[in-house]
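> missing the sequence, but the structure's below:
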């Protein structure tokens, strides 16, 4: 959510169990102003909170005019001092998928784990008789934090239909003519798109009648295989609609019908819910890797 609307927008998330104390709101607002002035971001977004065992990570992201372009992510544990997360590499992504367990709250902490090597058969041994099927390696918590934020963004971050507009030059910008979704539209999962440039809608012979290439260029959560992982609910007499993820428990998207007010927030442990298949009425495959 936009940090400039934090005092108002955080109230829309109370039904999802997300709240900030008066001290957190005051200190964070001061920290956001200093961070935005120092970094010179076009838009500063309060991404969310990852709860570690000994401390919390408050996370913000600096957005460009095109919300789908790469972002700069910063974190803080004391509201005042903000540090940039490292750029995510393929090795960090691979290691993060193997690590299990909660964050500790110490960015310098090393997670050690064993993983199964590819292209080796069971019971293979080296010249010293040691098992070569597995290998022990480590990953710093700061690197895991960066990769986890990116993974959550890629898998569950959504935006409402029509908010983004794609020009003939393939430039993506917020649509100034968009006035929000009606209540009926906001309650339909087909009106929420993955905010991920790698999940563009595929062109097929069966094009939906309402398809408008300028705004329907992203994959809808209704079209994706992740459809059962979302819960849509209306609160406050349906004056607020929320979309909650079961895959990343703690991610909540909110929207006020018939207005341009919407946002998302993550508040959780930073762990993918691999048991989501047991929470659904029918079996759904999930990639644990």
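All right, it came through fine. Predicted model only: the values in this text are computed from it and were never measured.
> contacts for stretch 45-59?
1-3, 6, 28, 31-32, 60-63, 73-77, 79, 102-106, 145, 148-149, 250-251, 265-270 (CB atoms under 8 Å, 6 or more residues apart in numbering). Glycine gets a C-beta too; all of them are placed from N, C-alpha and C.
> same check, this time on stretch 65-79
24, 27-28, 30-31, 35, 39, 41-42, 47, 55-64, 82-85, 105, 107, 145-146, 149, 159, 164, 171-174, 195-197.
> list the buried ones in it?
Residues of stretch 65-79 classed as buried by neighbour count (16 or more other CB atoms under 10 Å): 67-68, 71, 73-77, 79.
> Which one of those is nearest to residue 259?
Nearest to residue 259 among the buried residues of stretch 65-79, counting by CB to CB, is residue 67 at 18.4 Å.
> Report the buried members of the contacts of stretch 45-59.
Of these, these count as buried by 16+ other CB under 10 Å: 1, 3, 6, 28, 31-32, 60-63, 73-77, 79, 103, 105, 145, 148-149, 250-251, 265-270.
> if you look at the residues you listed, which of them are in strands?
60-63, 73-76, 251, 265-268 (DSSP state E).
> wait, which of the residues you listed is closest to residue 277?
Relative to residue 277, the closest of these is residue 251; by CB to CB it sits at 17.9 Å.
> Residue 271 against residue 99, yeah?
No: if you go by CB atoms under 8 Å, residue 271 and residue 99 don't touch, sitting 9.5 Å apart.
> ok, these two, which is more surrounded?
Neighbours around residue 271 and residue 99, counted as other CB atoms under 10 Å, are more numerous at residue 99. The numbers are 20 against 16.
> The more buried one contacts residue 144, doesn't it?
Yes: using CB under 8 Å, residue 99 is in contact with residue 144, at 6.0 Å.
> which residues do the two both contact?
residue 111.
> and the angle for the lengthiest helix in the chain with strand 72-76?
Of all the segments of type helix in the chain, defined by DSSP state H, the longest one is helix 22-39. Taking axes from the mean of the first three to the mean of the last three CA atoms, to 10 degrees, one finds helix 22-39 and strand 72-76 inclined to each other by 140 degrees.
> Contacts made by helix 22-39 with the rest, please.
3, 6-7, 10, 20, 44, 46, 58, 60, 62, 72, 74, 76, 79-80, 82.
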